[in-house]
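> I'd like to go over a predicted model; first the sequence, then the structure.
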Amino acid sequence: MSRRRKDGGDRRAAGRRGTRAARAARTAPRPRTHPLDLLTQAFLALAGRRVRTLLTTVGIAVGLAAALATLGITASAAGAVSDQFDALKATQVTVKFPATPAAGVQPQPEPAAAERARALNGVRAAGLRSRAADHPLVTRLAGGTENELPEGNVAAAQTEALEALAATLERGRWFDEGHEKRQDRVALLDTAAADRLTIDGATPNPLVYVNGTAFTVIGVYRAPAGNTDLTSTVVLPYWAARQAPAELEFAPAEMIIHTELGAADQVGSEAPLALAPGAPEKLAALVPPDPRSLRQGVESQTRALFLGLAAVSLGVGALGVSNTSYVSVLERRAEIGLRRALGASRRAVAGQFCVESGLVGAAGGALGTVLGVQITALTCLAKGWVVVLDPALTATGPLIGLVVGLLAGLYPALAAARVLPAETLRSGV
């Protein structure tokens, strides 16, 4: 009986000692993993899976490169549009006269009206122009055959209007005051019209016929690129618009004004008053839009479109990191369970996977930044644009990749931290 009591007391004592040991084990602080050890473990884990790590890094790099190249190319393109917003059009003001006489304002004003426009501050050149109301028939007889100018335009203009439109004389001469005063039947042709009518300069003073009326060609000019108003056009002296030959009508005149850069708005507001002091409201001044507004519009629209595509690419890269990290957790359950059994905390396990994802993201961000800069530079070089890149964006490329990697690896890290060591070691996986 005494031996039975003694054995029971020994068992109770052993149980109390085991309970105290278990309580002490639970309350004892777990050893903490040094950050350098955490970084080393993450690096070794990535190095052991080189191909997978490389592919995941490339996924992040492609997404970031797409975003950076999108921002760089759209900014460069917007800058090119702003710079090439045709300095001519950015400095060209057109003042339209009314179709019917009103308050002393005529549809075809006196040639001297151009002098008042040239007297305004900021004006480089100004002249009157009027287009034919329809498409008159323009022909030329040469070698017994009649050459016709299909879809030809006919206009009457002062030489200063052609100069304001940036037309350049190829051969021959411009109109002068004598042609206007004498009402000479002379004409100018652009190079396209001269080619269609086979006027090559070999024949002196060739004749062209506008609705059957003969005009002597005294010069050939070249229209500026993209200007359809002067292409395939026969230009008569301005007197023809005021005293049109038979069967030829002209629309109300326009004053073409070429201004200094930045003076278009001011000239556009002053020109109607200078040309028609008694009724400036009868004239309509067309002023070119501000190039800065155009640039901002182009940049915002193109950037919004392509940034959406770049965000999709970056999101696909982040999903790739998350998927790869989660698969890695499933494959390394035995390793995770062993580490947990040896005393590694949940925080240490989760931290390792976060560090792995962060390293992959940072590497992808650095690679994507380099690729994005190169793509932007090559595109601008091919287009002849000036490269426009935000230094802050390129400097933060690796940081963006790091953030994307950490966010993508957050769920796999939490999944790794929930792995139970007992179940893992018991199942042998």
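All right, it came through fine.

> burial measure for T53, as a count.
The burial count assigned to T53 is 19, neighbours taken as other C-beta atoms under 10 Å. From N, CA and C alone the C-beta is placed, and that goes for glycine too.

> A193: neighbour count?
Taking other C-beta under 10 Å as the neighbour definition, A193 ends up with a count of 27.

> how's this structure carved up into domains?
For the chain, the structural domains run 34-82+293-427, 87-288, going by automatic domain parsing.

> for these, which has the smallest mean pLDDT value?
Comparing mean pLDDT over those, the weakest stretch is domain 34-82+293-427, at a mean of 79.

> so how far is that one from its chain's centroid?
26 Å (C-alpha atoms, centre = their mean, to the nearest Å).

> over to stretch 176-183?
Here stretch 176-183 is found 49 Å from its chain centre; the criterion is C-alpha atoms, centre = their mean.

> what's next to stretch 274-290, contact-wise?
Counting by C-beta atoms under 8 Å, 6 or more residues apart in numbering, the neighbours of stretch 274-290 from elsewhere in the structure are 89-98, 102-105, 109, 113, 116-117, 119-120, 255, 264-265, 268-269, 271-273.

> give the buried subset of those residues as a PyMOL selection command.
Of these, the buried ones go into a single PyMOL selection, burial set by 16 or more other C-beta atoms under 10 Å:
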select buried, resi 90+91+92+93+94+95+96+97+98+105+109+113+116+117+120+255+264+268+271+272+273
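
> so the residue sitting nearest the centre point of the chain, which of the three states?
When C-alpha atoms, centre = their mean is applied to the chain, the residue found nearest the centroid is T74 (3.0 Å). The assignment at T74 comes out as helix when based on DSSP: H, G, I helix; E, B strand; the rest coil.

> which residue ranges of the stretch 1-150 of the chain form helices?
Taking DSSP state H, counting those that start in this stretch, the helices of the stretch 1-150 of the chain run over residues 2-27, 35-47, 50-83, 87-90, 113-118.

> mean confidence for the first one?
Going back to what we said before, that points to helix 2-27. Rounded to a whole number, the mean pLDDT of helix 2-27 is 53.

> quick check: closest non-adjacent residue to R52.
Counting by C-beta to C-beta, 6 or more residues apart in numbering, T324 is the residue found nearest to R52 once chain neighbours are left out, at 6.0 Å.

> could you do L207 as well?
That would be A214: by C-beta to C-beta, 6+ apart, it lies 5.0 Å from L207.

> tell me what the helix or strand encompassing that neighbour is packed against?
Applying DSSP states H and E as the criterion places A214 in strand 213-222. Strand 213-222 makes packing contacts with strand 168-172, strand 186-190, helix 191-196, strand 207-210, strand 233-237 when contacts are defined by 3 or more C-beta pairs under 8 Å, 6 or more residues apart in numbering; DSSP states H and E.

> from the chain's centroid, how far away is the third one?
Which is helix 191-196. Here the centre of helix 191-196 is set off from its chain's centre by 36 Å, with C-alpha atoms, centre = their mean.

> buried residues, that helix. List them.
Going by neighbour count (16+ other C-beta under 10 Å), the buried part of helix 191-196 is 191-194, 196.

> so how far is V355 from the residue lying closest to G405 once chain neighbours are set aside?
Residue nearest to G405 in three dimensions, not counting chain neighbours: G361, with 1.8 Å by C-beta to C-beta, 6+ apart. Distance, G361 to V355, by C-beta to C-beta, to the nearest Å: 11 Å.
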